[in-house]
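A.B. asks: Here is my input; please provide its structure:
(4 chains)
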Number of protein chains: 2
Amino acid sequence: MRNTLADVVSAALRVLDENGLEGCSMRRVAAELDVQPSALYHHVPNKQSLLALMADVIVDGVGERDAGVPDEDGGGHSGMALARNACLAMRSAMLAVRDGADVVATAAAFRLGASAVEQRLAEWVGADGARTLLFYTFGQAQSTQTHRHAASLGALIGPESGRAGQRSGTNGAPSDPVLELDASFERGLDIILTGLESEHRATGAPTNGILH
Amino acid sequence: MRNTLADVVSAALRVLDENGLEGCSMRRVAAELDVQPSALYHHVPNKQSLLALMADVIVDGVGERDAGVPDEDGGGHSGMALARNACLAMRSAMLAVRDGADVVATAAAFRLGASAVEQRLAEWVGADGARTLLFYTFGQAQSTQTHRHAASLGALIGPESGRAGQRSGTNGAPSDPVLELDASFERGLDIILTGLESEHRATGAPTNGILH
DNA sequence: ACCTGAACACCGTTCAAGT
DNA sequence: ACCTGAACACCGTTCAAGT
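C.D. replies: All right, here's what the predicted structure looks like:
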């Protein structure tokens, strides 16, 4: 027995992190395992399934308990606070590997409603709230990662590529778009959570609008 | 003069709509124009720029005035209502062409803050609100389109693929995931708009938290 | 069960050369 | 300005055959 499925998946994640999604070809994953490309098809039916397995590993454990984000106050967590932490953990997990957000978002779209994170979120903020939070988190992470990539390319050309006045400090907004994206994530999250809170208050019922 | 840039872009959009993003190769676009693949590189530096131009055409006009969504009441529109309409129009525009959401979302990530729709949205609901709405709209549309694609594949296998009890009607939720996705979009939108409204009320200032 | 070797039908992009 | 022809360095996937 030369390689197991887990070997293939972790090799693929290594290739992804080093070469990005575009450079993550079946042929390169095979090379990482010192194996012919066709050997991969013994473990996996096609590239898409491999990407789905990779997505599972990337978000593994997020939302199980509030992983990755420590308690801020010792008290009991409200559903909102739990959901907030889960989204922060989710974003961190996706950003931890190159193009992780793309991989996870694409895979998540396929089994909408069936993912572990979404179901946990739904318990806390209802089905609509869970989806809204997830879509926002995916989109924000994808955008952050796109800009990181662009920034790393720009760094090769030159640190200051022609932008006339580098405004910062006076208006309080960071000029670097990726820092701005990091900072704005929580603000957007809070907008959604605020909306869920007043919806909750208005109905008097749990945050799920359909069943009681 | 055989072909103009506009010819190339609209040929590419035709190929996209018929073959999807994966089937939208430079070689197929060239074939659509009865031209060699290399001829495209006279009009466009690479495939990515072509996709960006396609994205511009797909969302063209959205947010300029509240295009695509009619007035519901004759009265003046609040910023919230304008933003709501812009998001609905945006989603419709993306869903109108196969894999349109993917194409637009990827292109939009590159020039975050610079797109016409985002700037109009920012006037109405502030910079953070605009981003939150856009990320949600992109993610929701991508997911909808993924499920439509999956459904069209499933339809080839069989209309009723093994799900035991087709629950619907009693609990009010459609069992078809793509219908559910269509219906839930506005609910998520309203969650975000509600959050923006109470943020607005709380600060007393316009919805942009940074500059008044 | 796990892998090789060879093939098939594709890709994006470059570049000299034509008109 | 717009295009051809040919090439380069790749893809994902299949399949008979080996051990």
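
A.B. asks: max-length helix in chain A?
C.D. replies: Of all segments of type helix in chain A, defined using DSSP state H, the longest is helix A:116-157.

A.B. asks: Quick check: the most centrally placed residue in chain A vs DNA strand D, distance?
C.D. replies: With distances taken as CA atoms, centre = their mean, the residue of chain A nearest its centroid is A:Met94 (3.5 Å). Noted for A:Met94: a distance of 21 Å to DNA strand D, by CB to the nearest atom of the strand, to the nearest Å. Heads up, the C-betas are built off the backbone N, CA and C, glycines and all.

A.B. asks: residues contacting that residue?
C.D. replies: A:Met94 sits next to A:58-59, A:100-101, A:104, A:138, A:141, A:145 when contact means CB atoms under 8 Å, 6 or more residues apart in numbering or on different chains.

A.B. asks: any chance of the residues you listed in TSV, plus distance to DNA strand C, pLDDT and neighbour count?
C.D. replies: Listed next are the contacts of A:Met94 as TSV, based on distance: CB to the nearest atom of the strand, whole Å; pLDDT from 0 to 100; neighbours: other CB atoms under 10 Å in any protein chain shown:
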residue	distance to DNA strand C	pLDDT	neighbour count
A:Ile58	23	97	20
A:Val59	26	95	20
A:Gly100	23	98	25
A:Ala101	22	97	27
A:Val104	24	97	28
A:Phe138	25	96	28
A:Ala141	25	96	25
A:Gln145	20	95	23
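
A.B. asks: what ranges do the helices span in chain A?
C.D. replies: Going by DSSP H, chain A shows helices at A:5-19, A:26-32, A:47-58, A:79-95, A:100-110, A:116-157, A:177-203.

A.B. asks: and A:Ala52, what does it touch?
C.D. replies: Contact analysis of A:Ala52 by CB under 8 Å, 6+ apart lists A:107, A:110.

A.B. asks: again, but for A:Phe135
C.D. replies: By CB under 8 Å, 6+ apart, the contact set of A:Phe135 is B:135-136, B:138-140, B:143, B:188.

A.B. asks: Could you single out the nearest of the residues you listed to A:Arg131?
C.D. replies: Ranked by distance to A:Arg131 (CB to CB), those are led by B:Gly188 at 6.1 Å.

A.B. asks: How many residues are close by the spatially closest residue to the closest one that is not a sequence neighbour?
C.D. replies: When the adjacent residues along the chain are set aside, B:Gly188 lies closest to A:Thr132, with 3.9 Å between them (CB to CB, 6 or more residues apart in numbering or on different chains). By the criterion of other CB atoms under 10 Å in any protein chain shown, A:Thr132 has 30 neighbours.

A.B. asks: likewise the one 5 residues further on?
C.D. replies: The number of residues packed around A:Thr137, counting by other CB under 10 Å, is 29.

A.B. asks: Look up how far chain B lies from the residue nearest to it when sequence neighbours are not counted.
C.D. replies: Using CB to CB, 6+ apart and skipping the chain neighbours, the partner closest in space to A:Thr137 is A:Cys87 (4.9 Å). Separation of A:Cys87 from chain B (CB to the nearest CB, to the nearest Å): 12 Å.

A.B. asks: And the residue of chain A found nearest DNA strand C, what's its pLDDT?
C.D. replies: Using CB to the nearest atom of the strand, the single residue of chain A nearest to DNA strand C is A:Arg2, 2.5 Å away. The confidence metric pLDDT takes the value 93 at A:Arg2.

A.B. asks: got the contact list for it?
C.D. replies: Counting by CB under 8 Å, 6+ apart, A:Arg2 touches A:Val35.

A.B. asks: Check A:Leu196 too.
C.D. replies: Counting by CB under 8 Å, 6+ apart, A:Leu196 makes contact with A:80, A:125-126, A:129, A:132, A:207, B:191, B:195.

A.B. asks: If we ignore the residues flanking it in sequence, what's nearest it?
C.D. replies: With CB to CB, 6+ apart as the criterion, A:Leu196 has its nearest non-adjacent residue at 4.8 Å, and that residue is A:Gly129.

A.B. asks: and the residue nearest to A:Val103 when sequence neighbours are not counted, what pLDDT?
C.D. replies: Spatially, and ignoring its direct neighbours in sequence, A:Val103 is nearest to A:Ala55 (5.1 Å; CB to CB, 6+ apart). A:Ala55 is assigned 97 on the pLDDT scale.
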